[in-house]
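Chemist: generate a structure from the sequence data that follows.
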Amino acid sequence: MFAEFLPALGWLLFVSFSLGFALTREKSLATFGFGIAAFCVLSVIFNLLRIPLNWLLFLAIAIAIMAYFIWKRELELSLPKADGTTFIVLGLALLNFVVYWAGASAYPWLEDMDPWLHTVGVKWVAITQSFSRFYDGTEFYRLYIEPYPPSFDVLMGVLHQMAPSVSTTLKFFNAFLVSLSPIFAFYAVSEITKSRNIALLAAFFLLAMPAFMSHFIWAQTLAMLMLLISFYAYERALKEPRFMIPAGVAVGAVAVSQPSTAAIFVIMSALYALAKFYEGGIPALRQLAIIGAIGLLLAATYYVPTVLKYGVEYTGIGLGMFPDLFTPGSSEDFSDATVYGITDYFIVQPDGRIDQHIGIGVVLGLLALAGLAMAIDALRRGSRESWLACSVLWFALGIVGTEGNIMPVKLFPHRFWVFLAIPTAILAAYAYIKLEERWPQYKALLLAGLVIGVLLTSAAGKLNSQMSIWPPGLDYASQEELSSYLGIKMAFPENTRVFTLCSGDIKITGNDMLAEPWLPEYGAFKRDALKKSPAEVYAFLKKMNYSYLVLDQSCAKLLGNESAAQLPAAYGMSDRADVLMSEAGFTVFRLK
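Modeler: Sure thing, here's the model as predicted:
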């Protein structure tokens, strides 16, 4: 299983390190994060210039960069020295990957709706080597490429060019990206707090906390990594002006990764800037403003052409900006108008959402509250440490954000948990370090108690959630229909052309078969296929080199049970196809 991903994994590590080194001139684990940020921005610029998004092109650029810096003797082919802390962080990342990959591969389907929809965008990029879509102003359907920020599907699409199965490519590399979060969190928190001990504990706490990330496949996976790298870059840039461009690239990468994370990132950055102003005055604000301007300029290379192409209305629809999105109590953001209680924060719930689980845990919750009280007391006593002020402000933002359904305005309350987790981890780590300083003679006992307590009250619930069997979503009419699709997935070679008469293409691409919505002719026919005669459908499929036609249970939803029941007979009367498979509400025709 892992062998099929090795070429793509090697490509990702090599290209991200090379691009990251070109930006930072440093060899560290954070370099990979800057490289991924550079890839996000570079792919947008390439697409704008109509340069193909091909893995060989990025590889050639990476090789040229490495050769140049080796020739200039700015890069030595040796590993940087690593201390025990670095190995622990790598161990956390490995543990993260094992859990998420095991959970994602525990069932043969993709979960919920987002991952299925991502397969269309990933296939689109992999085959067309572009994320641009045809748009004539009359017909629009939402995907996770243009006008949606395309970076996640672009990265996965380029990786899919080197790996055969789109579904397992998404599962494996999504789990891999999530596993990087403790590494980038460690670097960010280490720079923000100036304490590697706090950073290491915070990385462990985030790993254990149910509220912080999952193996759910969506663009937030990439966006959160870029957010962490951005705050690391902020800190470096405030001390070293040469990091202002890498920081701007990271900010730009957040903007072209996921809109909700980008919106919350702007608020977190503003609070971060306020804390820096409290500590050091105007100079820090000037530097942060320059970084923001660089990020905004890079983001504009995507959003300006997108708005010009789609207009404000359809760009908004593509971004997911629905009418009642910010109205408390509405369900447009899938928060189900939920108002969280005390137990939701302290007691890990067994039935949290799969895209964003909730809960912090008793031990981490109490430590975070203690850390919050200590931070506020230190600030009240005159401390000017910006990270204390920032952590307090971020924590307040996280609480207000998760309780958005009782606020005048909301912004994705159920998604706010991951952002609340960051200051929670920092404050909890701060409180624990203070406990150790107060009772150094009990250090070993305190540490053992901490680890056991966190594992029992936080990590156990998270592990249970991540290892559960997640449902395939509501697009399938029944478990029987899903089983039928999985059956033809196992029977057909990958990328077999299959046309569904009544369902969207996600059931085809998500099961490793091929549909081609990027072809205007295909898209136009697909929209009206139910109005066509069997002869017209067969003629079109033959022309487009499709091998199979599927009639599934969605036909009953669209036509009613009686009309849907007549379809197999109508299509079966033709001499252009044979019945390959026929089950309750599911018929597969093989074209002759």
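Chemist: please name the nearest non-neighbouring residue to the spatially most central residue of the chain.
Modeler: Residue closest to the average C-alpha location in the chain (C-alpha atoms, centre = their mean): residue 221, at 2.4 Å. Spatial nearest neighbour of residue 221, excluding adjacent residues (C-beta to C-beta, 6 or more residues apart in numbering): residue 177 at 5.1 Å. From N, CA and C alone the C-beta is placed, and that goes for glycine too.
Chemist: which residues does that neighbour contact?
Modeler: Shown in contact with residue 177 (C-beta atoms under 8 Å, 6 or more residues apart in numbering): 221, 222, 225.
Chemist: so what pLDDT did residue 351 get?
Modeler: pLDDT recorded at residue 351 is 65.
Chemist: before we move on, the earlier item: host element of the residue nearest to residue 221?
Modeler: helix 166-179 (DSSP states H and E).
Chemist: identify each buried residue in that helix, please.
Modeler: Neighbour counts using 16 or more other C-beta atoms under 10 Å place 166-179 of helix 166-179 among the buried residues.
Chemist: show me where the stretch 301-450 of the chain has its strands.
Modeler: Remark: no strands are assigned in the stretch 301-450 of the chain by DSSP state E, counting those that start in this stretch.
Chemist: where exactly do the helices run in it?
Modeler: Remark: helices assigned in the stretch 301-450 of the chain by DSSP state H, counting those that start in this stretch are 342-346, 362-380, 386-402, 417-438, 443-454.
Chemist: gap between the third one and the chain center?
Modeler: Averaged C-alpha coordinates place helix 386-402 at 23 Å from its chain's average position (C-alpha atoms, centre = their mean, to the nearest Å).
Chemist: kindly report the same for the second one.
Modeler: Its chain's C-alpha centre lies 30 Å from the corresponding centre of helix 362-380 when counted by C-alpha atoms, centre = their mean.
Chemist: buried ones in it?
Modeler: By neighbour count on 16+ other C-beta under 10 Å, the buried set for helix 362-380 is 362-372, 374-375, 378-379.
Chemist: could you dump it to PDB, C-alpha only?
Modeler: Output of helix 362-380 as PDB, limited to C-alpha atoms (Å, rounded to 0.1, in the frame of the first residue of the first chain):
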ATOM      1  CA  VAL A 362     -10.900  18.100  31.900                       C
ATOM      2  CA  VAL A 363      -7.200  18.200  32.600                       C
ATOM      3  CA  LEU A 364      -6.300  20.500  29.700                       C
ATOM      4  CA  GLY A 365      -9.400  22.600  30.300                       C
ATOM      5  CA  LEU A 366      -8.500  23.200  33.900                       C
ATOM      6  CA  LEU A 367      -4.900  23.900  33.100                       C
ATOM      7  CA  ALA A 368      -5.900  26.300  30.400                       C
ATOM      8  CA  LEU A 369      -8.100  28.200  32.800                       C
ATOM      9  CA  ALA A 370      -5.300  28.300  35.300                       C
ATOM     10  CA  GLY A 371      -3.000  29.600  32.600                       C
ATOM     11  CA  LEU A 372      -5.500  32.200  31.600                       C
ATOM     12  CA  ALA A 373      -5.700  33.400  35.200                       C
ATOM     13  CA  MET A 374      -1.900  33.500  35.500                       C
ATOM     14  CA  ALA A 375      -1.500  35.400  32.200                       C
ATOM     15  CA  ILE A 376      -4.100  38.000  33.200                       C
ATOM     16  CA  ASP A 377      -2.500  38.400  36.600                       C
ATOM     17  CA  ALA A 378       0.900  38.800  35.000                       C
ATOM     18  CA  LEU A 379      -0.400  41.500  32.600                       C
ATOM     19  CA  ARG A 380      -2.300  43.200  35.400                       C
END
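Chemist: who's in contact with the residue nearest to residue 466 when sequence neighbours are not counted?
Modeler: What sits nearest to residue 466 in space, not counting adjacent residues and going by C-beta to C-beta, 6+ apart, is residue 103, at 4.2 Å. Residues near residue 103 by C-beta under 8 Å, 6+ apart: 215, 466, 467, 468.
Chemist: next, residue 581: secondary structure please.
Modeler: Three-state assignment for residue 581 (DSSP: H, G, I helix; E, B strand; the rest coil): strand.
Chemist: could you measure from it over to residue 484?
Modeler: Shown here: residue 581 relative to residue 484, a distance of 8 Å by C-beta to C-beta, to the nearest Å.
Chemist: quick one, the helix or strand following the helix holding residue 177 and helix 417-438 angle?
Modeler: As assigned by DSSP H and E, the chain's next helix or strand after helix 166-179 is helix 181-193. When axes from the mean of the first three to the mean of the last three C-alpha atoms, to 10 degrees is applied, the directions of helix 181-193 and helix 417-438 differ by 60 degrees.
Chemist: from the chain's centre, how far out does helix 181-193 sit?
Modeler: 19 Å.
Chemist: one more: stretch 42-52?
Modeler: With C-alpha atoms, centre = their mean as the basis, the mean position of stretch 42-52 lies at 21 Å from the chain mean.
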